[in-house]
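Q: need coordinates for the following:
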Amino acid sequence: MKKVTLGLTMFVSAISTLVEGVEDHAWTSFRDGGIGSSIEAVVPMEWSPDKGVLWQIETRGYGQSSPLLWNDFIYITYVDGPYKDLSVVAAIDLKTGLVRWEYEFPTSQTDSSWYAESRAAPTPVIDKDGIYSFFEGGDLLAIDHRGALKWHRSLTKDYGEIDSGHGLGASLAQTDGAVFVLVEHQGPSYLLSIDKESGRNLWKTERSPGISWASPIVAELQGRRQVIVSSNGSVNGYDAFDGSIIWSHDKVVGNTMASVTVTDNQLFVGAKGDSGTFCLEFTEDSKLGTYRKIWENAEAVCNYASPLVWEENVYIVDSRGFVHCLNRYDGKHRFEEKLSDVCWATPFAVDGNVLFFSKNGVGTVIKGATYYDEVSTNYLWDLENPPYPESYVQNPPESSFSSPSFVDRLNNSDQDGDGLVALSELHSSLKRSFSRLDENEDGVIDKNEIAKVEDRIRANSASNVFDDPIVYGSIVGKRSIVVRTGTRLYNISTR
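A: Numbers count the residues shown, from 1 in each chain. I've put the predicted structure just below:
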C-alpha cells in the first residue's frame, strides 16, 4: 500500500478549519444525497473555454465518479494502469486546481481498463471526519481530510469476487454514523451498512443477483429513515437502522441505471419499461410502508441521468437527449426539448435555473419554469477539437466487442437452434457480456439483439458513443460549478 502526498505544508495550513468540522459549503455524495440542488450558490450562467473556466487539470488515471466538495477542497477517485492496477483517492484545491494529496493502493480485484467496464464509477461520500470511498475492485476505505488512512476493507476477500459484465457502478450513501454499500452482480448480492468509525458491519441484507448501476439513497419516509434502492425490477425501502425491508414495489422494468429522488413524501422512480417515470406517495397518517402510485408517464424514460425535482417540476433526460418536464403532482408533460447530446450526468438546480451537462461538454441552462426558457448554451471545449486524454489508454480484453468474430461466436452459441441464446449456452469468455446484449432484459439474446450488435460493430459506434471526453458528473458550490470527465476536472467559477 502506497501513499503519495503533494504540497503538504500548504495543505496542512489550509485544512485547519476543515478538520475542525466547520462546514462552509459542501456537496457530500452522489447527487448531494439525491437532492441535486443548491439555492444559495452564486455561479456563472454563461461560460466558454476562454471565459468563466477558472482552471482545468488532467488526472493520472480514469474516473467516472462524481466529484465531491468540502469547504475549499474537491475530492475525486480514479483508477490507474492497464488493468486498473491502482485505485486512487485525491484531494484538490478548489481555488487553484493543485493536487494536495493522493492516497493510492493496489486494487483487490483487477480487470481490463476500457469503456465497457466501470472505472472508479461509485461516487464516495464525505463528512467532517473524512471521505469514504468504494471501488469496483471491491475496496472500501475511509481517509481523513489530511489524507491519512483510517481503515480499509476488501469486500471481494470478505464475500467473494465481483462477477459482473460491466463492473459496479452504485455510489455510496450515508447517515451520520453509517456508510451504505450496494453490491449487485451475477453472484451473491447484498446491501451493507458500515460503521464509519471502525469500518465494521452494522448489518448485511442479502439481495437477489442482478447487474445494475443504480445507487441507493437515504431518505426519511413516514417518520422512518430508510435506504431506498431502485434496481433490477423492484424498488425497496430498508430500515437504515437494522436493514429490514419495510416496503417493496415490484414489476418495474429497466430501472438499472437511474436512482430514485425523494421530495417530501413523494418518491420519483426513473425506468425504461412501460411505466417509464412514476411517482409513489407515502402519507404520514398511513401505516408504515404503505404507499400508492399517483402517476406514471411512459413517454418520459430515464436513461443514465436520475430524475431531478425542482419545485413543481420533474426533469427527465432520455436516451435521445430529450429533456422532459413533467408536472410533479400528476406526471403530465409540460414540455419536451432536445439538448445538444444525451446526459450521463444528472442535472441540478441552482438559483431558480436548471443546468444540464450533456456528455459532449455542452452546458444548457434553462429557467426552472413550466415552459422551456433557455438562458444560455455553454461549452467547456471546442467540439471540433476536444481535449482527448493525455496519458490514459484503453486496454480492452481479447473478447471485446471489437473482435471481428464476436457476432459469429454469438450465433454459434445457439446450441439448441431455437434462435435464442441463453446465458447457459454462452462460452465462459462471453458470459460477462450477457447483460449488455440482453437489452430487453428477457433473459435471452434474440436475433434482433445480435443484429444490433453487428450494426454497432459495422458502424464503429462504440468509438463514437464512448469516446472521451465524456462528462460523468457535475456539482455546485457557493461560487463554483465543478465538472468531471473521465480524465479531466473543470472549475467554472465567479472568483
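
Q: elements contacting the one helix or strand Ala142 maps to?
A: Assigned by DSSP states H and E, Ala142 falls within strand 139-143. Packing contacts for strand 139-143, counted by 3 or more Cβ pairs under 8 Å, 6 or more residues apart in numbering; DSSP states H and E, involve strand 86-93, strand 99-106, strand 130-134, strand 149-154. (Glycine included, C-beta is placed from N, CA and C.)

Q: what are the buried residues along the first one?
A: Yep, that's strand 86-93 we're talking about. Neighbour counts over strand 86-93 (16 or more other Cβ atoms under 10 Å) mark 86-93 as buried.

Q: okay, the residues you listed in JSON lines with pLDDT and distance to Tyr379 next?
A: As requested, the buried residues of strand 86-93 are exported to JSON lines (pLDDT from 0 to 100; distance: Cβ to Cβ, whole Å):
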{"residue": "Leu86", "pLDDT": "98", "distance to Tyr379": "33"}
{"residue": "Ser87", "pLDDT": "98", "distance to Tyr379": "32"}
{"residue": "Val88", "pLDDT": "98", "distance to Tyr379": "29"}
{"residue": "Val89", "pLDDT": "98", "distance to Tyr379": "30"}
{"residue": "Ala90", "pLDDT": "98", "distance to Tyr379": "26"}
{"residue": "Ala91", "pLDDT": "98", "distance to Tyr379": "28"}
{"residue": "Ile92", "pLDDT": "98", "distance to Tyr379": "23"}
{"residue": "Asp93", "pLDDT": "98", "distance to Tyr379": "25"}
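
Q: ok, these vs Asp72, which is closest?
A: Asp93 (6.7 Å; Cβ to Cβ).

Q: pLDDT score for the closest residue in space to the closest one that isn't next to it in sequence?
A: In this structure, Asp93 finds its nearest non-sequential neighbour in Arg100, 5.8 Å apart by Cβ to Cβ, 6 or more residues apart in numbering. The pLDDT attached to Arg100 in the predicted structure is 97.

Q: do Glu454 as well
A: Looking at Glu454, the pLDDT reads 74.

Q: wait, it sits on Asp408?
A: No - the pair Glu454 / Asp408 is not scored as a contact, 9.8 Å apart, by Cβ atoms under 8 Å.

Q: return the most buried member of the helices and strands packed on strand 139-143.
A: Highest mean neighbour count of the helices and strands packed on strand 139-143: strand 130-134, a mean of 27 (counted as mean count of other Cβ atoms under 10 Å).

Q: same for that one, what does it pack against?
A: strand 125-127, strand 139-143.

Q: what about 6 Å?
A: If you count contacts as 3 or more Cβ pairs under 6 Å, 6 or more residues apart in numbering; DSSP states H and E, strand 130-134 packs onto strand 139-143.

Q: the strand it packs on pairs with which strands?
A: strand 130-134 (antiparallel), strand 149-154 (antiparallel) (DSSP bridges).

Q: export these to a markdown table and tack on distance to Gly419 and mean pLDDT?
A: Output for the strands paired with strand 139-143, formatted as a markdown table (distance: least, Cβ to Cβ, whole Å; pLDDT from 0 to 100):
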| stretch | distance to Gly419 | mean pLDDT |
| --- | --- | --- |
| strand 130-134 | 40 | 98 |
| strand 149-154 | 42 | 98 |
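
Q: among these, which is nearest Gly473?
A: Closest to Gly473 of these, according to Cβ to Cβ: strand 130-134, at 14.5 Å.

Q: let's see that closest one as PDB, backbone CA atoms only.
A: The C-alpha trace of strand 130-134 is given here as PDB (Å, rounded to 0.1, in the frame of the first residue of the first chain):
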ATOM      1  CA  GLY A 130     -13.100  12.400   6.100                       C
ATOM      2  CA  ILE A 131     -14.000  10.700   2.800                       C
ATOM      3  CA  TYR A 132     -15.400   7.100   2.400                       C
ATOM      4  CA  SER A 133     -14.700   5.500  -1.000                       C
ATOM      5  CA  PHE A 134     -15.600   2.300  -2.700                       C
END
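
Q: Ile366: which of the helices and strands packed on strand 139-143 is closest?
A: Checking the helices and strands packed on strand 139-143 against Ile366 by Cβ to Cβ gives strand 86-93 as the closest, at 29.4 Å.

Q: and that closest one, what does it pack against?
A: Taking 3+ Cβ pairs under 6 Å, 6+ apart as the contact cut, strand 86-93 packs with strand 73-80, strand 99-106.

Q: got the domain ranges for the protein?
A: Per automatic domain parsing, the structural domains of the chain span 2-386+468-493, 406-465.

Q: please identify the most buried of those domains.
A: domain 2-386+468-493 (a mean of 19).

Q: show me where the stretch 251-400 of the chain has its strands.
A: Counting by DSSP state E, counting those that start in this stretch, the stretch 251-400 of the chain has strands at residues 261-263, 266-269, 277-281, 292-297, 308-310, 313-317, 322-327, 333-338, 348-350, 353-357, 362-367, 374-379.

Q: quick one: those strands as CSV, columns for mean pLDDT too.
A: Listed next are the strands of the stretch 251-400 of the chain as CSV, based on pLDDT from 0 to 100:
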stretch, mean pLDDT
strand 261-263, 95
strand 266-269, 97
strand 277-281, 97
strand 292-297, 96
strand 308-310, 95
strand 313-317, 97
strand 322-327, 98
strand 333-338, 98
strand 348-350, 93
strand 353-357, 97
strand 362-367, 98
strand 374-379, 98
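
Q: could you dump these into a markdown table and include distance to Ser133?
A: Below are those laid out as a markdown table (distance: least, Cβ to Cβ, whole Å):
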| stretch | distance to Ser133 |
| --- | --- |
| strand 261-263 | 24 |
| strand 266-269 | 27 |
| strand 277-281 | 31 |
| strand 292-297 | 36 |
| strand 308-310 | 25 |
| strand 313-317 | 27 |
| strand 322-327 | 31 |
| strand 333-338 | 36 |
| strand 348-350 | 22 |
| strand 353-357 | 23 |
| strand 362-367 | 27 |
| strand 374-379 | 30 |
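
Q: right, and the ones you listed - which one's nearest Ile194?
A: Smallest distance to Ile194 across the strands of the stretch 251-400 of the chain (Cβ to Cβ): 21.9 Å, for strand 261-263.
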